[in-house]
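Colleague: Give the three-dimensional model of this entry:
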Amino acid sequence: MSLLLMILGAVLASVLVAFVIVKYLPLKLRWIPSILLLVLAIFLGFKIYNGIMEPIKFSKEKVEKFAGVVESLKIIRDAEVHFYEVNGKYTKDKAGLIKFIDSDSIALTETKTIVEKVNRGGGIIIDVEKRVTDTIGFEPVLKYFTDRAYKTMFNVPGVEGTEFEVEVGEVEKVQGLIVPTFRARTPKKDVLKGMNESLVKQELEVKESDQIKGEYVSVGSLDEVTTGGNWPPSYDKRDGAKKE
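Modeller: All right, here's what the predicted structure looks like:
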């Protein structure tokens, strides 16, 4: 809007200067407003260029900033998921979660179908199939975090001295079934601090499906059973491209 107003103002100023030149200035002085108009045109062109490029630059820089944040949230999510596999719950103990990765193990299981003979009475014996799960070994949780910065996963990338907010809760998935939940998040405004304030404000209100919606970059939820993040698939594709 401000760019449009600037263009309209410049056009009106140019018309006014042209009117003054034609109406009042003698021929020998008309070079002066011509120079002023040239300067105004250069200034206006510069402003228009910046007005077009600023959102493009902002979009590129925000994606770079958010990419690091999303990567850390993925590590936190994976740590919480493995903690849940072992303990049947999530945790908000950050130091405890790092210790869990360093020292705990996950059971390896094998599920197979067996057939048992069942006596139905009266001399009737039938075969009944049953699925049995056995523990066949253990592997360290650390195996899943090789070459991943899990020790600093709670530090928000690019925001000095700030850690992700981690919360746990419960929701009733169906009547009588209470399921643990977790959520890790950080405000987008902190990640984008120092960037164009008008564009940051727009970013906090974004609702498009190909953008990170809302005021936070987050993973998990306290209101529903999910371990997904609120970022679009493009952030996952970036990771895939880097691995290749």
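
Colleague: got the buried residues for stretch 160-177?
Modeller: If you call a residue buried by 16 or more other Cβ atoms under 10 Å, then stretch 160-177 has these buried ones: 164, 166, 168. (C-beta placed from N, C-alpha, C; glycine too.)

Colleague: For I136, see how far away S105 is.
Modeller: 13 Å (Cβ to Cβ, to the nearest Å).

Colleague: Can you give me every residue that contacts Y144?
Modeller: Y144 sits next to 78, 82 when contact means Cβ atoms under 8 Å, 6 or more residues apart in numbering.

Colleague: the more surrounded of S105 and I136?
Modeller: Under the neighbour definition other Cβ atoms under 10 Å, S105 and I136 were set side by side, and S105 has more, 14 against 9.

Colleague: could you say what helices and strands the helix or strand where V86 lies packs with?
Modeller: V86 belongs to helix 31-87 when elements are defined using DSSP states H and E. Using 3 or more Cβ pairs under 8 Å, 6 or more residues apart in numbering; DSSP states H and E, the elements in contact with helix 31-87 are helix 2-23, helix 94-103, strand 105-121, strand 177-187, helix 188-191, helix 197-204, strand 216-221, helix 234-243.

Colleague: Please give me every residue in contact with the spatially closest residue to L204 that is not a sequence neighbour.
Modeller: Leaving aside its chain neighbours, L204 sits nearest to E215 (4.9 Å; criterion: Cβ to Cβ, 6 or more residues apart in numbering). For E215, the set of contacting residues under the criterion of Cβ under 8 Å, 6+ apart consists of 187-189, 204.

Colleague: Roughly how far does L38 sit from K99?
Modeller: Applying Cβ to Cβ to L38 and K99 gives a distance of 69 Å.

Colleague: Oops, could you answer that again for T91 instead?
Modeller: Separation of T91 from K99 (Cβ to Cβ): 11 Å.

Colleague: quick one on the thing from earlier: make a markdown table out of the buried residues of stretch 160-177 and add pLDDT and secondary structure.
Modeller: Formatted as a markdown table, the buried residues of stretch 160-177 follow (pLDDT from 0 to 100; DSSP: H, G, I helix; E, B strand; the rest coil):
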| residue | pLDDT | secondary structure |
| --- | --- | --- |
| F164 | 98 | coil |
| V166 | 97 | strand |
| V168 | 97 | strand |
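
Colleague: Let me have those residues in TSV, extended by distance to V174.
Modeller: Putting the buried residues of stretch 160-177 into TSV (distance: Cβ to Cβ, whole Å) gives the following:
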residue	distance to V174
F164	30
V166	26
V168	20
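
Colleague: Show me which of those residues is closest to T152.
Modeller: F164 (11.0 Å; Cβ to Cβ).

Colleague: Would you check that the closest one makes contact with V156?
Modeller: Yes: with contacts defined as Cβ atoms under 8 Å, F164 counts as touching V156 at a distance of 6.0 Å.

Colleague: overlap in contacts of the two?
Modeller: Common contacts of F164 and V156, defined by Cβ under 8 Å, 6+ apart, comprise 72, 186.

Colleague: List phi and psi for G137.
Modeller: Reported as degrees, to the nearest 10, the phi and psi values for G137 are phi 160, psi -170.

Colleague: quick one, what contacts the residue nearest to it when sequence neighbours are not counted?
Modeller: For G137, ignoring the flanking residues on the chain, the nearest one in space by Cβ to Cβ, 6+ apart is L108 at 4.5 Å. Residues in contact with L108 (Cβ under 8 Å, 6+ apart) are 135-139.

Colleague: Many thanks, we can stop here.
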